[in-house]
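Undergrad: Based on what follows, work out the 3D shape:
(one chain, ligands or ions: 1)
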Amino acid sequence: MDYKKYIAEKLSIEGISQDELYEMIALPPNLEMGDYALPCFKLAKLMRKSPVMIAETLRDTLMADESVINEKVLKEVSAVNGYLNFKINKTDFVKATLEKILSEKDSYGSSNEGEGKTVCIDYSSINIAKPFHIGHLSTTVLGGALYRIFNFLGYKAVGINHLGDYGTQFGKLISAYKRWGDKETIEKGGIRALNELYVKFHQEAEEHPEYDDEARAYFKKIEQGDSECLALFHWFKELTLKDVQKIYDMLDIRFDSYAGESFYSDKMQPIVDELKEKGLLVESRGAQVVDLEAYNMPPCIILKSDGSSLYATRDMAAAQYRKNTYDFDKCLYVVAYQQNLHFKQFFKVLELMGKDWAKDLVHVAYGMVSLEEGTMSTRKGNVVFLEDVINKCIEKAYKIIDDKNPNLENKEEVAQKVGVGAVIFGALYNNKIKDIVFSYDKVLNFDGETSVYVQYTCARANSVLQKGGIPESYEIPELTSQEIELVKAISTLPETVKAAGEKYEPSLIARFAVDVAQKFNKFYFDCKILSAEDEKTKNFRLALTNAAMQALKNAFALLGIGIPDKM
Ligand code: ARG
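TA: Residues are numbered from 1 along each chain as shown. You can find the predicted model right below:
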C-alpha cells in the first residue's frame, strides 16, 4: 500500500491536486514524530491561514471522516507546530509489505504503467575504431539501467547503439592501414591497434598534408560503395564491435539495434528536402543552415559547403527513422552534457518542421568521469580504456577478498561481481549530472556507500537464511523500531523505480539499495535473528531478512550488478 497516496486522497484539499499533495508529504526525521508528515506552511498561501491552524483544521476533518475511522489505516493523526503528523497502523503495514514482496518475488517493484508504450534509448553509442574509454562508462551503464528500468515498468524499451561510423576518419584509417598496417596485428590488437594506426596517421600527416587528401578520397570511395574500401570499413567495424562486446557482457548491456550514423547515409535527403520545402534552410557562407537566432542558439548546420552532411543531419534522420519504425512515446539520448547545444538545436529544428513528436525527444545529460590523479593509465597519452579500469577493479577486489576470506570458494567469480559492481555503482550512485572523480579505493570500500557494502550485507543475510531457513509462515510480533525502519525502506522500491524512470535517474535505485543495506545492518546488529527470544519473533525476523534480500536483489538487477551468495 502506498500510504502517501492514501493520505493525499483522504486529505483532498481544494485548489491543489492529489499529486502535488503527494509530493508534499514527507518522512519525519524520527519515528516518534510519526511515519509521515505534511508541512502545512506550504499550504498557507493557498488556504490563507497560518500553518498551525491549517494543521489543526485538517486533523479535525480527517478524524471526523467515517472512512478514515473504519479503514484503520491511520493509527494517529496529530497537529504539531504547523505539521500534520501521521502514524500508521504498523502491524498491518508490515504484514502487507512482506506479503507483497514475498509473493511478487523477482517482479517486486515492477508495474505495468508503461503497457503499450515504447521508449527508445540511445546509449553507449561508441565510435568505431576509437578507444572505448572511461568517458563511455556513464552513458553505457546509465542507459543500460534505464533500459531495464523501463522494461520493469512495463514499457517496451528499444536499446540503440548509435554507432559513430561515419566521417573522414574512416578514410584516414584506410590510408593508414594501407601504408603501415598488417592484417594480423590489427586482427589481434583490435581497437587498440586501430587507434594506434589512427594516431600514427595524425602524426605523419603533419608532415605529409597529401595524406589528408588521400584520406578524403578514401572516404568518398566508401560512400560511393567501392568494394575494397567498404570491406575494410566493415572489417574495422566488426573488430570494434567484437572488442567492445567483452565489456558489454561484463556490464550486462544489450542493444536491440546497432544502426549507426552511416545507416542514415541514404535517409538524410528527405529531411533536407523537407527543410527546403518548409523554407527553413538558408545559405550561410556556402553552407545550408537553419537559423536559430530567435531561440538564442547558433545556426544548426545541415549541409557543409561541399554538400556533405553533419552529425546533426544524421541525428535528424535517425530521429525520424525511429519515429517511423518504433512509434516511440519517448526517445532518450543518454549523452554527456557537453553535447547540450547539439541536442537543443536539432530538437528545435524538428519542432520548427512541425513534428509534434519533437517534444518527446529527451536529452538525458550526465556529468564527466575522470580518474583520481595518480591512477591515470599511461598507455596512450591520457586515454583510459574502460576495460583496464574494470580489470583493475576486479584485481583489487580479488586482493581484498583473498585477504578477508582466503578460504572462500569461487574467489574469481566473487571478485568479478564485486569489481564490476564497483565500477557500475561508482558511475550510478550520484545524481547523473554531477561530474565524478573515480577512485578505486572509494568504490571498493566495504564500509562506504558502495555496491560491495550492499553485496556484503546480502552475503550476511544469506548466511542467516541458510542457517535459519526460510519460514513457511510467520506472524507479526511486537515490532522494534529497527524492524519498522527496515520494512519502511524496502516498501519504497515500487515508487523508487517509478521515480527513477520519470527522472531518468538510476541513482535513486542505487541510493535505495544503500539505505536498505544500512537499515538491514542496524536490524541485524540490534535485534537477534537466529537467537531471538521466541519462535514467533525468530520466524518473523527470518521472513523480514528474506524480504530485504529480495528487495536488494531486484534493485541490483536493475542496475546490472550481481550478488554473490557468499563473500
Ligand atoms: N558517438 C557520439 C560520441 O561519442 C555519441 C552519439 C550519441 N547519440 C546520438 N544520437 N547523437 O560523441
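Undergrad: any idea how far the residue in the stretch 351-500 of the chain that the ligand sits nearest to lies from Asp122?
TA: Proximity of the stretch 351-500 of the chain to the ligand (CB to the nearest ligand atom) peaks at His363, 9.2 Å away. No exception for glycine: its C-beta is placed from N, CA and C like everyone else's. Separation of His363 from Asp122 (CB to CB, to the nearest Å): 10 Å.
Undergrad: Checking Glu115 next. Helix, strand or coil?
TA: Here Glu115 is recorded as coil under DSSP: H, G, I helix; E, B strand; the rest coil.
Undergrad: the more surrounded of His363 and Asp122?
TA: Shown here are His363 and Asp122; by other CB atoms under 10 Å, Asp122 has more neighbours (26 against 19).
Undergrad: ok, now which ones touch that one?
TA: Going by CB atoms under 8 Å, 6 or more residues apart in numbering, Asp122 touches 143, 160, 162, 331-335.
Undergrad: The same query, at a cut-off of 7 Å, please.
TA: 160, 162, 332-334 (CB atoms under 7 Å, 6 or more residues apart in numbering).
Undergrad: name the helices or strands packed onto the host helix or strand of Asp92?
TA: Using DSSP states H and E, Asp92 falls within helix 90-104. In this structure, helix 90-104 makes packing contacts with helix 481-491, helix 535-559, judged by 3 or more CB pairs under 7 Å, 6 or more residues apart in numbering; DSSP states H and E.
Undergrad: average model confidence for the longest one?
TA: Along helix 535-559, the predicted confidence averages to a pLDDT of 98.
Undergrad: partners of the helix or strand of the chain with the lowest mean pLDDT in the sheet?
TA: The weakest-scoring helix or strand in the chain, judged by mean pLDDT, DSSP states H and E, is strand 369-371 (a mean of 88). In the sheet containing strand 369-371, its partner strands are strand 436-438 (parallel), by DSSP bridges.
Undergrad: For the partner strand, list every residue counted as buried.
TA: Using 16 or more other CB atoms under 10 Å as the test for burial, strand 436-438 gives 436, 438.
Undergrad: what comes into contact with it?
TA: In contact with strand 436-438 (CB under 7 Å, 6+ apart) are residues 134, 367, 369-372, 426-427, 430.
Undergrad: So, low pLDDT: which residues of this structure?
TA: Low-confidence segments of the chain (pLDDT under 70): 373-382.
Undergrad: can you map out the strands along it?
TA: Applying DSSP state E to the chain gives strands spanning 36-39, 74-80, 83-88, 118-122, 156-160, 281-284, 287-290, 300-303, 330-336, 361-366, 369-371, 436-438.
Undergrad: any idea how far the fifth one is from the chain center?
TA: Averaging C-alpha coordinates over strand 156-160 and over its chain gives two centres that are 14 Å apart (CA atoms, centre = their mean, to the nearest Å).
Undergrad: what is the orientation angle of it with strand 118-122?
TA: 20 degrees (axes from the mean of the first three to the mean of the last three CA atoms, to 10 degrees).
Undergrad: helices or strands next to strand 156-160 in the packing?
TA: Against strand 156-160 (3+ CB pairs under 7 Å, 6+ apart) you get strand 118-122, helix 137-152.
Undergrad: That one to strand 330-336, inter-axis angle?
TA: Using the same axes, to 10 degrees: strand 156-160 against strand 330-336 is 40 degrees.
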